[in-house]
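K.L.:
coordinates only, sequence not included:
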Ligand SMILES: O=P(O)(O)OC[C@H]1O[C@H](OP(=O)(O)OP(=O)(O)O)[C@H](O)[C@@H]1O
């Protein structure tokens, strides 16, 4: 995906296929705010209204060159596992955050010889209704928390909401998150509730286009 027009086109395509804006945000690796903006800009939104040309401040991370090739995915998983390798001795569970975090977690779990679990965050239910309070869930097809220490894996951190929700969901299940790892962190988060966060890439905005109002 090369530019904003490609993103707008993809957002329109996904919206026409019936995906919620939360799912579109997931598919395109952008924030929900950006997904809303892209859909509205494409004209496929249900509420045509004035759309500012500048758009929200977000950075799209396209890692499809890694994700579409299992060999590359394996190597990137090894690198992520290496970031975790100095954490915790007895960790035998890796939780991947759906969707994009799941294949990454699979390679990390294999490299670190842990069980594999997945968490579907509540954002997957999200659309325009801000009152939505759907909970996330752990898949029964994979390993369960069972009071264990675990690692948490995702592809990106944008606001940090998804990672925070996942850490808290694990704790509510009696688990003990030891460390989190992502490909790219757009926030530069060092820890979530005291759980360290590692990232292969830190995406740091230099300067600001925002004028003081
Ligand atoms: O820090 P946050 O603002 O919560 O955003 C980060 C989340 O957004 C992305 O998921 P996305 O919904 O784009 O797609 P996915 O379901 O394919 O992982 C990414 O995979 C993280 O899970």
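P.N.:
That came through, no problem. It should be emphasised that the depicted structure is a prediction, and the values quoted were computed from it without experimental measurement.
K.L.:
Which residue lies closest in space to whatever residue of the chain ends up closest to the ligand, excluding its sequence neighbours?
P.N.:
Of all residues in the chain, residue 26 sits closest to the ligand, at 2.5 Å by C-beta to the nearest ligand atom. For every residue, glycine as well, the C-beta is placed using N, CA and C. Once flanking residues are discounted, residue 26 sits nearest to residue 99: 5.9 Å by C-beta to C-beta, 6 or more residues apart in numbering.
K.L.:
what's the answer for residue 153, then?
P.N.:
residue 105 (3.9 Å).
K.L.:
so how far is the strand or helix carrying the residue of the chain closest to the ligand off the chain centroid?
P.N.:
Residue 26 belongs to helix 21-28 when assigned by DSSP states H and E. Taking C-alpha atoms, centre = their mean, to the nearest Å, one finds the center of helix 21-28 at 10 Å from the center of the full chain.
K.L.:
helices or strands up against that helix?
P.N.:
helix 4-16, helix 32-42 (3 or more C-beta pairs under 8 Å, 6 or more residues apart in numbering; DSSP states H and E).
K.L.:
How is the residue most central in space within the chain classified with respect to secondary structure?
P.N.:
The C-alpha lying nearest the average C-alpha coordinate of the chain belongs to residue 156 (C-alpha atoms, centre = their mean; 4.6 Å). Reduced to three states with DSSP: H, G, I helix; E, B strand; the rest coil, the structure at residue 156 is strand.
K.L.:
Am I right that it is in contact with residue 187?
P.N.:
No: using C-beta atoms under 8 Å, residue 156 is not in contact with residue 187; the gap is 9.8 Å.
K.L.:
Give me the buried stretch members for stretch 138-151, please.
P.N.:
Using 16 or more other C-beta atoms under 10 Å as the test for burial, stretch 138-151 gives 138, 139, 142, 143, 145, 148, 149, 150, 151.
K.L.:
Check whether the residue nearest to residue 26 really touches residue 29, as I assumed.
P.N.:
No: the criterion here is C-beta under 8 Å, and residue 99 misses it with residue 29 at 10.5 Å.
K.L.:
Tell me which of these two has more neighbours.
P.N.:
A count of neighbours by other C-beta atoms under 10 Å puts residue 29 above the other of residue 99 and residue 29, at 23 against 16.
K.L.:
Can you tell me the closest non-neighbouring residue to that one?
P.N.:
residue 61 (5.3 Å).
K.L.:
just residue 8 next, same as before
P.N.:
Counting by C-beta to C-beta, 6+ apart, residue 42 is the residue found nearest to residue 8 once chain neighbours are left out, at 4.8 Å.
K.L.:
tilt between the helix or strand of the chain with the lowest mean pLDDT and helix 4-16?
P.N.:
Across the helices and strands of the chain, mean confidence by mean pLDDT, DSSP states H and E is lowest for helix 21-28: a mean of 80. If you take axes from the mean of the first three to the mean of the last three C-alpha atoms, to 10 degrees, helix 21-28 sits at 130 degrees to helix 4-16.
K.L.:
Would you mind getting the angle between helix 21-28 and helix 32-42?
P.N.:
Using the same axes, to 10 degrees: helix 21-28 against helix 32-42 is 90 degrees.
K.L.:
what about the helices in the chain?
P.N.:
4-16, 21-28, 32-42, 64-67, 70-84, 101-112, 161-172 (DSSP state H).
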